[in-house]
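Here is my input, please return the structure:
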Amino acid sequence: MKHREHGVEELCAAGQEVYERALREGRIPVADAADAPCLTGFGLLHPALDDLGLLEPVPPAAALHRLLRASAVRVAEERRREDRLVERFEPFMRVDVRQPPGTGGTMLRLLSGTEQINRAITDAMVDATEESLTIQPHSGLTGARGEAAREAAFSRDQALLDRGGRIRVLYQHTLRHVPLVYGPLEHFRRGDTEARSLDEVPDRLIVIDRKIAFLPADDDGTLALEVRHPALIKYFVTTFDRLWRLATPMFPKAVRPPSVNGVTPRQRAIAALLVEGLTDAVIADRLGMNVRTARLHIAKLSATLGSDSRAQLGYLIARSGILDQEP
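Predicted coordinates for the structure are as follows:
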């Protein structure tokens, strides 16, 4: 078995066993320490002067003293380095820093990696006292990473609610019957929480206290943009509020959108995309469902309108006026 590299403070099991045996016996054959080369490397064993085939142990007190002395030297060097850094940067700290035009200062910051993103959101939520507004599409709640993000978000959200804040979450309709999404909302009964849903929502957005926002900066969720610019925050909040007024309540009281002339709201949303000439796959992606489900809804819509073909379906949708009717 290959010996794993480690520090002397993390002495391996084989090294502990061999060193202890050497201390008891006074000497051990070189071959007996083959599985613990760290002992000679750390200076805990050394060849016997009268027989190079044997190894003798260094007394523990002497070894510890030597190691602590080496550690103290490193600490002293680090402290000298800190002093040199402070001395070097002290003049810069007195400079009146001016932000170049157009850079936005700290109003925009690119976050890289899920750990840094989650840490930034958590830090912002710790200081929050008023509200959290979130747009959550289907793509952000799948897989192991999505599950971990949900658990972290629930903890942050409940802390905000306990401080008297409020939470508004805008989901996609396809998540209305997903237990992992809808169920945990009931955990927030002791706080001011409300969730609504729409057929289509923009990409993920989090706005905290109307002061700071987070939104994706790439397609796979490993980059995010932290925004503190007041004009952008105002735009995000306005967009959220307008979508919120159009959305259907999910929690605390779920509301089932009514059908119009036998056409369900889901079928009406699909109809609107069909008249745009979109494929089944694109429609499914836009509405957060799989292709098979989308085709099932299209088939039901065709049966309701009496269509025999895709081309005729588009014509019948336009003639029926279902897209002009309010649900």
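
Report the central residue of the protein.
For the chain, residue 114 is the residue whose C-alpha lies nearest the centre (C-alpha atoms, centre = their mean; 4.3 Å).

how close does that residue get to residue 33?
44 Å (C-beta to C-beta, to the nearest Å). In this view, the C-beta of every residue, glycine as well, is placed from N, C-alpha and C.

ok, now residue 69?
From residue 69 to residue 33 the distance is 25 Å (C-beta to C-beta).

And the two? Which one has more around it.
Counted by other C-beta atoms under 10 Å, residue 69 and residue 33 do not tie: residue 33 has more neighbours, with 21 against 9.

what sits against the more buried one?
If you count contacts by C-beta atoms under 8 Å, 6 or more residues apart in numbering, residue 33 has them with 18, 22, 39, 40, 45, 55.

Now that the fifth one has come up, it's in contact with residue 59, right?
By that I understand residue 45. No - contact status for residue 45 versus residue 59: not in contact, 11.7 Å apart, counting by C-beta atoms under 8 Å.

Among the two, which residue is more densely surrounded?
residue 45 (26 against 10).

Please state the backbone phi and psi of the more buried one?
When read as degrees, to the nearest 10, the backbone of residue 45 gives phi -130, psi 150.

Going forward, count from 582.
Right, with 582 as the first residue, what we last looked at is residue 626.

Who does it form a beta bridge with?
residue 638 (DSSP bridges).

Same question for residue 796.
residue 806.

quick one, what contacts it?
784, 785, 786, 787, 805, 806, 808, 817.

Ranking by neighbours, what's the top pick from those?
Result: residue 805 is most packed of the contacts of residue 796 (other C-beta under 10 Å), 24 neighbours.

who's in contact with it?
Contacts of residue 805 (C-beta under 8 Å, 6+ apart): 691, 692, 698, 701, 795, 796, 797, 798.

coming back round to it: pick the one among the contacts of residue 796 closest to residue 873.
residue 784 (24.4 Å; C-beta to C-beta).

which one is that closest one nearest to, not counting chain neighbours?
The shortest distance from residue 784 to any non-neighbouring residue, by C-beta to C-beta, 6 or more residues apart in numbering, is to residue 797 (5.5 Å).

Look at residue 602 and report its pLDDT.
On pLDDT, residue 602 comes in at 93.

Can you get me a residue count around the nearest residue to residue 607 once chain neighbours are set aside?
Once flanking residues are discounted, residue 607 sits nearest to residue 637: 7.0 Å by C-beta to C-beta, 6+ apart. Neighbours of residue 637 under the rule other C-beta under 10 Å: 17.

which intervals of the stretch 732-881 of the chain have sub-threshold pLDDT?
732-733, 756-771, 834-842, 869 (pLDDT under 70).

Go again with 90.
732-747, 752-784, 799-803, 824, 826-881 (pLDDT under 90).

And the strands in it?
747-753, 773-779, 786-789, 793-797, 804-808, 829-832 (DSSP state E, counting those that start in this stretch).

on that earlier part again, the residue nearest to residue 607 contacts residue 603, doesn't it?
Yes - between residue 637 and residue 603 there is a contact under C-beta under 8 Å: 7.2 Å.

intersection of neighbour lists for these two?
With C-beta under 8 Å, 6+ apart, residue 637 and residue 603 have common neighbours residue 626.
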